[in-house]
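K.L.:
Build me a model:
(chains A and B)
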Number of protein chains: 2
Amino acid sequence: MNIELVTIGDELLLGFTLDSNGAHLARELAAIGVTIVRRTSVGDEAEGIAAAVREALERTGAVITTGGLGPTSDDLTKPSIAKVFGRGMRMDNEILEALRARWIAKGWGRELPKTNEQQALVPEGATILVNRHGSAPGIWLEDEKGRWVAMLPGVPREMRGMFADALLPLVRERAERAAGSTRAADASVPVVVSRTIRTTGISESLLADSIAPLAAQLSDLSLAFLPSWPGVDLRITSRGRDAAAAARALDAGEAVLRTAAGAHVYGTDVDDMAKIVLDLCAAKGFTIAVAESCTGGLLGARITAVPGSSHYFVGGVIAYSNEVKATHLGVGDDTLIKHGAVSEETAREMASGVRARYRANVAISLTGVAGPGGGTEKKPVGMVCLGVDIDGEVTTATRNMVGDREEIRQRSAQWALDQVRRRLQA
Amino acid sequence: MNIELVTIGDELLLGFTLDSNGAHLARELAAIGVTIVRRTSVGDEAEGIAAAVREALERTGAVITTGGLGPTSDDLTKPSIAKVFGRGMRMDNEILEALRARWIAKGWGRELPKTNEQQALVPEGATILVNRHGSAPGIWLEDEKGRWVAMLPGVPREMRGMFADALLPLVRERAERAAGSTRAADASVPVVVSRTIRTTGISESLLADSIAPLAAQLSDLSLAFLPSWPGVDLRITSRGRDAAAAARALDAGEAVLRTAAGAHVYGTDVDDMAKIVLDLCAAKGFTIAVAESCTGGLLGARITAVPGSSHYFVGGVIAYSNEVKATHLGVGDDTLIKHGAVSEETAREMASGVRARYRANVAISLTGVAGPGGGTEKKPVGMVCLGVDIDGEVTTATRNMVGDREEIRQRSAQWALDQVRRRLQA
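P.N.:
Here you go, the predicted model:
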């Protein structure tokens, strides 16, 4: 079953918003064997919305839209798509009452503002999709031929909740019907399934060369290289097999890629390096602390983004100034003078210093030149030094990162976590 | 002049990548009066690429693509689009030599891998767009009617460099020609110009209601509400005016929105709260430090993302465990027992503690329940307390944030910076 996405909003065309909704929907739909074959973004303009939805409907008969359901004047999705279906709009009193009740219950005021009332306007013959996280209801519109458009809100939290609660069951049912089956668990339904093998510390070209000799073993899967700052992800996709055969094909493909990429592989799918490091700490009963200069807190933020990280992560020092490095981490003045703040010697003392003072088993330190200023011939922008202290045994390393200030900082945090992973797995 | 974007890559459809290229191009093009009227994403599949580009060409005659120029087997952009133009492919020896020289100069190996050679294949009659930051050259293809497609790489750094160096001048020239002018500075050329007024700490609905009575004064501009975690951005756009009249219209619109939103306005366009706070510190000669619990380093990361932040930001303590709060910030054991780690009392002592120990003028502290676990009836998930200590005068506050763990953390950092802004501006 093929679906097209149409995301709606001037902000998507003018470049002030990244469209995370499309990514979420694509992942969720792929998991039930539904393929997004095209995504289109149009502005808050009635004719453009109608044209994009009409074309998408003609190609696939199945369209999901996001955005343009809010209370403000630029929200045109419902009336534009109603026209495509030749339907009028009607005020839904049940929705209106729910909007009023929610407004008062939230303590936002005594009366629902006029601007919000239009959220209760729905196309004739529409099915309402419940919004657990916000006020704008979603809409399901279907014609006599079974062609449908589902309209979701643009705010990511509302969109995700509504998709899971109300839309996913409807799409799954149609996907099963299209596959000629009435049971979700029917083993003979062909599915599209992907798996991502995550690598770090190796370039796309070198990865491609190490995979090339084994390419014949991957010929029944499609392979995509997805480079970004955490590293290069390798995504293999199986099409046209049933669920059990697809899982076997992906297992075999993963084994081939692991052979090719070796220790550069750190996980699969949405595995996050910080989570992997925390799991390794958990297995050994270790606590962890950080000492950050160039990353300025980013490494701590990566680690604490993981729910439950407080069991293992104690905290750390953001040592941006040399005075903080000396006073709060015990880096020697002679070290700073002789080797400089960006040096493996300083990184070593930062790691040992925070491990001792914050009483952790594992400590990570980073110090580098994030740029754009501050680079020298000997220590150019992108040069970063790290220290890893595990129970008193310290290793240090230096790497030259490419990219702008933010990329250098993000890559540094990923590299540091990867170095801890490798030592804890050794 | 209208342009369509076609972004290419399975990863965009399968949801493993956010498309930041489209956003960048949209902003850059809007600044020269060129409007992106539609964005389409298709997978790494020759027919899908050709169909999307052909349709876009028919609508606008001007298309930019990103992605699918790399050395790996899923990169199909060039041959697919060459077919749309009825052109064959040829090996460009100059590009091939440059690829070889670059490979050796970078120390990646003695010989260019076979997989990389296809990067030197170009459509017949193509103009080459130079790639300053990578190996894949870009392509400009134009037919006898002046309809064109520009193909840029998918890696953001390469795409941005190539756009600025090679494509922007070509597009600007055509935009001017289309506008009937040969001079960029010609004051009579109509432009599309936007301005964003950034607000925080107020909901989209309440903003809409406070703007509604003044709407008549904005009727000659389009207004969009863009809610996200840093707050709600208000974007006004002027179309069809020349540059000077557009600037006056935006100035007038900005004044109206500032009246409506009051102190919730913290900046315009790409202004970042952390940069604003650092500028305020610079103006007063203040240094700044942080003490972070629930945000785990995110506040420091926000501040240090700003180039030059090292002049004012000294560092801070990531105080995730209570032991760190007590030992390294001096939070009293009785405070932690009586009021708990998530309390204004603890936030107060964290702020004072880090200010004194890290010898800064300004200190910010955050402690809260980021979730998903750890919430109680009295202290639910999303409850966050902050402290701001400026030269010994401490203020504290509590707020209940909505969203998931990452949203709560991001909103907390933004809120904390906003509280410092308000005090430093007072």
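
K.L.:
Show the pLDDT at A:G134.
P.N.:
A:G134 is assigned a pLDDT of 78 by the prediction.

K.L.:
which element is it on?
P.N.:
Remark: A:G134 resides in no helix or strand, with elements defined by DSSP states H and E.

K.L.:
count of neighbours near the residue in the stretch 301-426 of chain A positioned nearest to chain B?
P.N.:
Residue of the stretch 301-426 of chain A nearest chain B, by C-beta to the nearest C-beta: A:T304 (2.7 Å). Backbone N, C-alpha and C define where each C-beta goes, glycine included. Residues near A:T304, counting by other C-beta atoms under 10 Å in any protein chain shown, number 28.

K.L.:
Could you do A:T35 as well?
P.N.:
If you count neighbours by other C-beta under 10 Å, A:T35 ends up with 18.

K.L.:
Return the residues in contact with it.
P.N.:
A:1-3, A:29, A:192, B:13 (C-beta atoms under 8 Å, 6 or more residues apart in numbering or on different chains).

K.L.:
Is it possible to get a markdown table of these that adds distance to B:V362?
P.N.:
Converted to a markdown table, the contacts of A:T35 look like this (distance: C-beta to C-beta, whole Å):
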| residue | distance to B:V362 |
| --- | --- |
| A:M1 | 56 |
| A:N2 | 55 |
| A:I3 | 51 |
| A:L29 | 48 |
| A:V192 | 53 |
| B:L13 | 46 |
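
K.L.:
Pick out the lowest-pLDDT one from those.
P.N.:
Lowest pLDDT among the contacts of A:T35: A:V192, with 71.

K.L.:
that older thread, does the residue of the stretch 301-426 of chain A closest to chain B touch A:F313 like I think?
P.N.:
Yes: at 6.2 Å, A:T304 counts as touching A:F313 under the criterion of C-beta atoms under 8 Å.

K.L.:
Overlap of the contact sets of these two?
P.N.:
Taking C-beta under 8 Å, 6+ apart as the criterion, A:T304 and A:F313 both touch B:296, B:320.

K.L.:
what about the helix or strand hosting A:D334, distance to the chain center?
P.N.:
Here A:D334 sits within helix A:333-339, counting by DSSP H and E. For helix A:333-339, the separation from the chain centroid amounts to 41 Å (computed by C-alpha atoms, centre = their mean, to the nearest Å).

K.L.:
Figure out how far the helix or strand following it is from the centre of its chain.
P.N.:
Next along the chain after helix A:333-339, taking DSSP H and E as the criterion, comes helix A:344-357. Relative to its chain's centre, helix A:344-357 lies at 32 Å (C-alpha atoms, centre = their mean).

K.L.:
ok, which stretches of the stretch 151-300 of chain A are helices?
P.N.:
For the stretch 151-300 of chain A, the helices defined by DSSP state H, counting those that start in this stretch cover A:156-162, A:168-178, A:204-211, A:243-261, A:273-284, A:298-304.

K.L.:
so can I have a markdown table of the contacts of A:T35 showing distance to B:A126 and secondary structure?
P.N.:
Below are these laid out as a markdown table (distance: C-beta to C-beta, whole Å; DSSP: H, G, I helix; E, B strand; the rest coil):
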| residue | distance to B:A126 | secondary structure |
| --- | --- | --- |
| A:M1 | 38 | coil |
| A:N2 | 32 | strand |
| A:I3 | 34 | strand |
| A:L29 | 36 | helix |
| A:V192 | 34 | strand |
| B:L13 | 27 | helix |
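
K.L.:
Out of those, which end up buried?
P.N.:
The neighbour-count test (16 or more other C-beta atoms under 10 Å in any protein chain shown) marks A:1, A:3, A:29, A:192, B:13 as buried among these.

K.L.:
So which of the helices of the stretch 151-300 of chain A is the most surrounded?
P.N.:
Mean neighbour count (mean count of other C-beta atoms under 10 Å in any protein chain shown) peaks for helix A:298-304 among the helices of the stretch 151-300 of chain A, with a mean of 29.

K.L.:
Look up how far A:V394 lies from the residue sitting furthest away from the middle of chain A.
P.N.:
Relative to the mean C-alpha coordinate of chain A, counting by C-alpha atoms, centre = their mean, the farthest residue is A:D334 (43.6 Å). According to C-beta to C-beta, to the nearest Å, A:D334 stands 18 Å off from A:V394.

K.L.:
ditto for A:S310
P.N.:
Computed as C-beta to C-beta, the A:S310 to A:V394 distance reads 25 Å.

K.L.:
Same question for A:P71.
P.N.:
57 Å.

K.L.:
For the two, indicate the residue with more neighbours.
P.N.:
Using other C-beta under 10 Å, the more surrounded residue of A:P71 and A:V394 is A:P71, with 21 against 18.

K.L.:
Let me know whether my guess that the more buried one is in a strand holds.
P.N.:
No: counting by DSSP: H, G, I helix; E, B strand; the rest coil, A:P71 falls outside a strand, being coil.

K.L.:
residue contacts, it?
P.N.:
A:113, A:115-116, A:118-119, A:135-136, B:204-205, B:208.

K.L.:
Quick check on these: which are buried?
P.N.:
Applying 16+ other C-beta under 10 Å to the contacts of A:P71, the neighbour count classes A:115-116, A:118-119, A:135-136, B:204-205, B:208 as buried.

K.L.:
Up against chain B, what does the stretch 151-300 of chain A have?
P.N.:
The stretch 151-300 of chain A comes close to chain B at residues A:155, A:157, A:194, A:196, A:203-206, A:208-209, A:212, A:215, A:222-228, A:233, A:235, A:237, A:290, A:292, A:294-300, as judged by C-beta under 8 Å from any C-beta of the partner chain.

K.L.:
Restricted to buried residues, select the residues you listed in ChimeraX.
P.N.:
In ChimeraX syntax, the buried subset of these is picked out as below (16+ other C-beta under 10 Å):
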select /A:155,194,196,204,205,208,209,222,223,224,225,226,227,228,233,235,237,290,292,294,295,296,297,298,299,300
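
K.L.:
Take the residues of the stretch 151-300 of chain A next to chain B and keep only those in strands.
P.N.:
Judged by DSSP state E, the subset of those located in strands is A:194, A:196, A:222-228, A:233, A:235, A:237, A:290, A:292.

K.L.:
closest to A:R355 among these?
P.N.:
A:R355 lies nearest to A:V290 out of these, by C-beta to C-beta, at 10.0 Å.

K.L.:
and the longest helix for chain A?
P.N.:
Ordering each helix of chain A by length in residues (DSSP state H) puts helix A:405-425 first.
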